[in-house]
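*Asks:* Output the structure for:
(one chain, ligands or ions: 3)
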Amino acid sequence: MPDAGAPQLSTPKGPAPRHVAIIMDGNGRWAAARGLPRAEGHRRGVEAIRRAVRAAGELGIRYLTVFSFSSENWTRPAAEISELMGLLRRFVRNDLADLHANNVRVRIVGEREGLTADIARLLVEAEDLTRGNTGLTLVVAFNYGARQEIVRAAQRAAQAVARGEMAAEDIDLESFAALLDMPDLPDPDLIIRTSGEQRLSNFLLWQSAYSELVFIPTYWPDFDRAALEQAIDEFHRRERRFGGLVAQTGS
Ligand code: IPE
Ligand code: IPE
Ligand code: MG
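*Replies:* Ligands and ions are numbered 1, 2, ... in the order given. Prediction:
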């Protein structure tokens, strides 16, 4: 007899979306609800990342992008920023070998300038070690802002035009998208935000043009495979039309 209290792990109906992106929100509120310091919420949030990576792999998701620190999160108190940086360091040091053993490819998107040298080095190490892996691609959006990414692409386009490598008229949807930070990644099919907030907070603004958005009340530290499966079920209930009249099936 299965434990009646255990969550139902029904397999989602339909194929896994190819690319799932998650705005991992609510660590502070998770902690506050328990009378704990915000830092404890962030620490428990790291465990939820481990669960999400495992579940994504098991469910056949190819790309999992997680928003871990935004360009705007620098406005938080110094002590919290330092806690978050410490957690990233520990995550890479403790989990990189495991991720690698599980054939996970790690990629980091975001601004590298302004990061301390040791963190910048760890990010390069994570990407270098796992470059050849063929399983799940885990994209960590760290020090990431979507408007900043779009501005960087605009600067690259302007520089190419100034150098005579490209004509201004050649800037179109495809060539511009190729100048974004991860041009080879498919757009996210599904974006999940935890904690009940219903906004993008400067996450993947270009790439989310036709993503399905699913907002769930769960605080990030409580996120688990069942929550991911429910979000995927919701994704399958949506009709993706991409501006046309015919629903596109699959992801
Ligand atoms: C998400 O949790 C983690 C980061 C943004 C780094 P929060 O720290 O935003 O938690 P809340 O939203 O204050 O509850
Ligand atoms: C978005 O969460 C950023 C991350 C999850 C890393 P925030 O907590 O920073 O977003 P706002 O401030 O509520 O919009
Ligand atoms: Mg928040």
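*Asks:* Could you give the average pLDDT over stretch 194-210?
*Replies:* Averaged across stretch 194-210, the pLDDT comes to 98.
*Asks:* One more: stretch 213-220?
*Replies:* Stretch 213-220 carries an average pLDDT of 98.
*Asks:* What residues of that stretch count as buried?
*Replies:* Using 16 or more other Cβ atoms under 10 Å as the test for burial, stretch 213-220 gives 213, 214, 215, 216, 218, 219, 220. C-beta here means a position set from N, CA and C on the backbone, and glycine is covered the same way.
*Asks:* again with stretch 172-183
*Replies:* Buried residues in stretch 172-183, defined by neighbour count with 16+ other Cβ under 10 Å: 176, 179, 180, 181, 182.
*Asks:* circling back: can you tell me which of the buried residues of stretch 213-220 lies closest to ligand 2?
*Replies:* residue 220 (7.8 Å; Cβ to the nearest ligand atom).
*Asks:* Next, the contact list for that closest one, please.
*Replies:* By Cβ atoms under 8 Å, 6 or more residues apart in numbering, the contact set of residue 220 is 24, 25, 26, 27, 30, 41, 45, 48, 194, 195.
*Asks:* Run a quick neighbour tally on the residue lying closest to the fourth one once chain neighbours are set aside.
*Replies:* Across the structure, with Cβ to Cβ, 6 or more residues apart in numbering as the measure, the residue nearest residue 27 apart from its sequence neighbours is residue 41 (3.6 Å). Applying the criterion other Cβ atoms under 10 Å, we find 21 residues in the vicinity of residue 41.
*Asks:* hang on, the earlier thing: just the buried residues of stretch 172-183 now: which is nearest residue 246?
*Replies:* residue 176 (26.9 Å; Cβ to Cβ).
*Asks:* So the closest one is in contact with residue 152, correct?
*Replies:* No. Residue 176 lies out of contact with residue 152 (Cβ atoms under 8 Å); the separation is 11.5 Å.
*Asks:* just to revisit the earlier point, inside helices: which ones of the buried residues of stretch 172-183?
*Replies:* Of the buried residues of stretch 172-183, the ones assigned to helices by DSSP state H are residue 176.
*Asks:* Would you map the helices across the stretch 151-251 of the chain?
*Replies:* Using DSSP state H, counting those that start in this stretch, the helices of the stretch 151-251 of the chain run over residues 173-177, 225-237.
*Asks:* Single out the most deeply packed of the ones you listed.
*Replies:* Highest mean neighbour count of the helices of the stretch 151-251 of the chain: helix 225-237, a mean of 19 (counted as mean count of other Cβ atoms under 10 Å).
*Asks:* Among the helices of the stretch 151-251 of the chain, which comes closest to ligand 2?
*Replies:* That would be helix 225-237 among the helices of the stretch 151-251 of the chain, by Cβ to the nearest ligand atom, at 15.7 Å.
*Asks:* circling back: in the buried residues of stretch 213-220, find the pair that's most separated.
*Replies:* Maximum pairwise distance among the buried residues of stretch 213-220 (Cβ to Cβ): 18.1 Å, between 213 and 219.
*Asks:* Longest helix of this protein, counting residues only.
*Replies:* Longest helix in the chain, counting by DSSP H: helix 78-101.
*Asks:* Would you mind listing what in the stretch 101-250 of the chain touches ligand 1?
*Replies:* 195, 220 (Cβ under 6 Å from any ligand atom).
*Asks:* Sweet, I'm off.
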